[in-house]
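Novice: A predicted structure for the sequence below; I have some questions about it.
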Amino acid sequence: MGSHMAPGNGIHNTLGDTANGLIQFVLTTLVLAFPGRRFFTTGVPALLRRAPEMNSLVALGSLAAWGYSTLAVFAGELLPQQSRHLYFEAAAVIVTLILLGRYLEARAKGRTGAAVQHLIGLQVKTARRLRADGSSDDVDVSALRVGDRLIVRPGERIPLDGEVTCGESAVDESMLTGEPLAVSKGTGDELTGGTVNGHGALTMTVTRTGKATRLAQIIQMVEQAQAAKLPVQALVDKVTAVFVPAVMAAALLTFVVWLLWGPQPALSFALINAVAVLIIACPCAMGLATPTSIMVGTGRAAELGILFHKGQALQTLHNSRVVAFDKTGTLTTGKPVVTDIVLQDGVSADAVLRWAASAEHQSEHPLAAAILQAAEAKELTLAEVTDFRMTAGTGIEARVEGHQIAIGGDALLAALGVDSPWCQQQGEALAAAGKTRLFVLVDKRPAAVIAVADPLRDSARQAVTALHARGIRTAMITGDNERTASAIARQLGIDDVIAGVLPDGKVAALQQLREKLGAVAFVGDGLNDAPALAEADVGIALGSGTDVAMEAADVVLMNADLNSVPRALSISAATLRNIGQNLFWAFAYNVLLIPLAAGVLYPLWGILLSPMLAAGAMALSSVFVLANALRLRRLQPER
């Protein structure tokens, strides 16, 4: 492999060789001038600022190969016959491979603005304003002021934050609390813009408008949290900040040494070896090391139902020291069902359930749907109901088959003047288990306690156990009450419980966990989880959740299987190891071959590494990195 045997496209001044050189010159110049232009517009200014980076090395390496080849085509007589080789393809390959790596990386990063657009879509555009004379008109929400009175019809979204001044209804506030049960609203109760009114008409007074509303604040939190994400290439950029100047210095030193002490023609040898150093040190392998591993890792994860919506999650998820879960719809199914029917002696379960379902048939409360579903599962026929009466916040009363049926919670017992130690004992036991209990009174005598609960996902306990096995602490952050949340945490073995929090509280809770324990991953599913998903170091959303949650998240579990959380951690760790291996190879390759390209073996054995072989070695290093990344396709995370 001596200088007299350097392979390449020799220029012999024939018509065919000249045409071939001109064609290569034109094509390579087009590649550098258009797709590769970004390297020069970024790398050259950085070089002039004395802060060279990877773009600078790409620009120098490709420009050196192009410049030497251009000299060989148009002024070949200036070079020795044996040195008239073309390296246009090396310049084109440099640009093509780096652009390919950046394209793959861009695809892996995902989109960040769609979540905010979904949230903005929940803002109401018009509202029905009540005039002083009792008439009403539709106005643009932006024209409303604090103190304006509005009418909200059944099924409509609440236009702005406010307070109920007239009417009763149940309002779906799941966008705030994540809880599937609608909240009863009456005079004096607070309303939040964007929530959905239930069955009753409401008159409200506006208390907050514009950016002061809770929905606007949620949008702002999502925007701020997403903007704070760190670039995935930070580590590589720090290393190349040292590597690139070192390579440039090595090429310059090579040129000077060969020019001063090399054999004749010294200028030709100096130029050839300096170009070889720049080409062989071109950071193609370094540019591909991260994005290729990310793409293969995300592809393998997708096969397992785990979508890494943003590529940087693969480099940050493995750093998580605590995984925090939302409760409703995440650890639980989000669909309340009847779990227990505790009976007084001599009372039939089917009879009580039939009477209760018949009475609840006229109610629109979410708990009523669970009782009706339980009756339907037992194929019970509903009876005729008369004298139906519902009291907001208390319960319902009705006459069924000659019996006076009353259903409700503690407020119902108090309203009817019922003092029952049995009800108290059974109710406390069910509440301690994290269940909502409804007392059923027949003719004003306690007959049964029906417990309604949101069932835990089958995979919840397994996922928490697997995370503990990896040395990761678990937490639950929920808008539910402390008693219910603590009961569920005990069942699952969750370490920390933060209950009774709204979206801004979830963000603050995540920040506290991060300060106390380290990097935090948050698992959620609802609109109310969007700010927390964006604030967490890694946000993980269930595919069964809302579109907003999935857009705000870094990772989406399409199969809604919580066991995918520890699997995602395994994929993250394996991918990061793969990236580390790629970067090690890329740098080791340069450390070993840069001296060879500089010609250290020439004094001993007369061996030189021509720029053509340097380009081949550079391509092989990229192939090695790609092959190593493809090993992730066979990854089998623990189940």
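Specialist: Sure thing, it's come through.

Novice: which stretches of the stretch 201-350 of the chain have low pLDDT?
Specialist: Residue ranges of the stretch 201-350 of the chain with pLDDT under 70: 218-237, 240-241, 268, 282-284, 287, 310-311.

Novice: Regarding residue 399, what is its secondary structure?
Specialist: Secondary structure for residue 399, judged by DSSP: H, G, I helix; E, B strand; the rest coil, is strand.

Novice: what's the spacing between it and residue 358?
Specialist: According to CB to CB, to the nearest Å, residue 399 and residue 358 sit 10 Å apart. To be clear about C-beta, it is placed using only N, CA and C from the backbone, and glycine gets the same treatment.

Novice: List the contacts of residue 317.
Specialist: Shown in contact with residue 317 (CB atoms under 8 Å, 6 or more residues apart in numbering): 521, 538, 554-555, 568-569, 572.

Novice: With residue 534 as the reference, measure out to the residue lying closest to it once chain neighbours are set aside.
Specialist: The shortest distance from residue 317 to any non-neighbouring residue, by CB to CB, 6 or more residues apart in numbering, is to residue 572 (3.8 Å). Distance of residue 572 to residue 534, given as CB to CB: 19 Å.

Novice: same check, this time on residue 497
Specialist: 22 Å.

Novice: and what of residue 306?
Specialist: For residue 306, the distance to residue 534 equals 19 Å [CB to CB].

Novice: out of the two, which sits in the more crowded spot?
Specialist: Neighbour totals were compared for residue 306 and residue 534, and residue 534 leads with 27 against 24 (other CB atoms under 10 Å).

Novice: Give me the sheet partners of the helix or strand hosting residue 171 and which way each runs.
Specialist: Using DSSP states H and E, residue 171 maps to strand 169-172. Strand pairing for strand 169-172, using DSSP bridges, gives strand 183-185 (antiparallel), strand 196-197 (antiparallel).

Novice: Setting aside sequence neighbours, what's the nearest residue to residue 406?
Specialist: For residue 406, ignoring the flanking residues on the chain, the nearest one in space by CB to CB, 6+ apart is residue 441 at 4.2 Å.

Novice: Quick one: classify the one you found as helix, strand or coil.
Specialist: Secondary structure state of residue 441, per three-state DSSP, is strand.

Novice: swap in the one 5 residues further on?
Specialist: Recorded secondary structure, residue 446: strand (three-state DSSP).

Novice: Now do it: how many residues are near it, please.
Specialist: Using other CB under 10 Å, residue 446 is surrounded by 19 other residues.

Novice: ok, which stretches of the stretch 201-350 of the chain are strands?
Specialist: Counting by DSSP state E, counting those that start in this stretch, the stretch 201-350 of the chain has strands at residues 202-208, 306-308, 322-325, 337-343.

Novice: What of the stretch 1-150 of the chain?
Specialist: Under the criterion DSSP E, counting those that start in this stretch, the stretch 1-150 of the chain contains strands at 126-130, 136-140, 149-152.

Novice: Include distance to residue 324 and mean neighbour count when you put these into JSON lines, please.
Specialist: Converted to JSON lines, the strands of the stretch 1-150 of the chain look like this (distance: least, CB to CB, whole Å; neighbours: other CB atoms under 10 Å):
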{"stretch": "strand 126-130", "distance to residue 324": "36", "mean neighbour count": "19"}
{"stretch": "strand 136-140", "distance to residue 324": "40", "mean neighbour count": "11"}
{"stretch": "strand 149-152", "distance to residue 324": "34", "mean neighbour count": "21"}
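
Novice: Residue 38 is nearest to which of these?
Specialist: Across the strands of the stretch 1-150 of the chain, residue 38 has its closest neighbour in strand 136-140 (44.8 Å, CB to CB).

Novice: now the closest one: mean pLDDT?
Specialist: For strand 136-140, the mean pLDDT works out to 90.

Novice: what stretches of the stretch 1-150 of the chain score poorly on pLDDT?
Specialist: Applying pLDDT under 70 to the stretch 1-150 of the chain picks out residues 1-17, 54, 80-83, 101-120.

Novice: Longest helix of this protein, counting residues only.
Specialist: Counting residues, the longest helix found in the chain (DSSP state H) is helix 564-598.

Novice: Identify each buried residue in the helix or strand following that helix, please.
Specialist: Note on helix 564-598: by DSSP H and E, the next helix or strand toward the C-terminus is helix 602-605. Residues of helix 602-605 classed as buried by neighbour count (16 or more other CB atoms under 10 Å): residue 602.

Novice: Export helix 602-605 to PDB, keeping only CA atoms.
Specialist: Extracted C-alpha coordinates of helix 602-605, given in PDB (Å, rounded to 0.1, in the frame of the first residue of the first chain):
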ATOM      1  CA  TYR A 602       6.000   5.400   5.900                       C
ATOM      2  CA  PRO A 603       9.500   5.700   7.500                       C
ATOM      3  CA  LEU A 604       9.500   2.000   8.500                       C
ATOM      4  CA  TRP A 605       7.700   0.200   5.600                       C
END
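
Novice: how far does that helix sit from the chain's center?
Specialist: 56 Å (CA atoms, centre = their mean, to the nearest Å).

Novice: of all the strands of the stretch 1-150 of the chain, which lies closest to residue 244?
Specialist: With CB to CB as the criterion, residue 244 lies closest to strand 136-140 of the strands of the stretch 1-150 of the chain, at 55.9 Å.

Novice: what's the burial count for residue 358?
Specialist: For residue 358, the neighbour count with other CB under 10 Å is 23.

Novice: Wasn't it part of a helix?
Specialist: Yes - assessed with three-state DSSP, residue 358 lies in a helix.

Novice: need the contact list for it.
Specialist: 382-385, 398, 400, 405.

Novice: Now do the helices in the stretch 251-400 of the chain.
Specialist: 266-280, 284-303, 313-316, 349-360, 366-377 (DSSP state H, counting those that start in this stretch).
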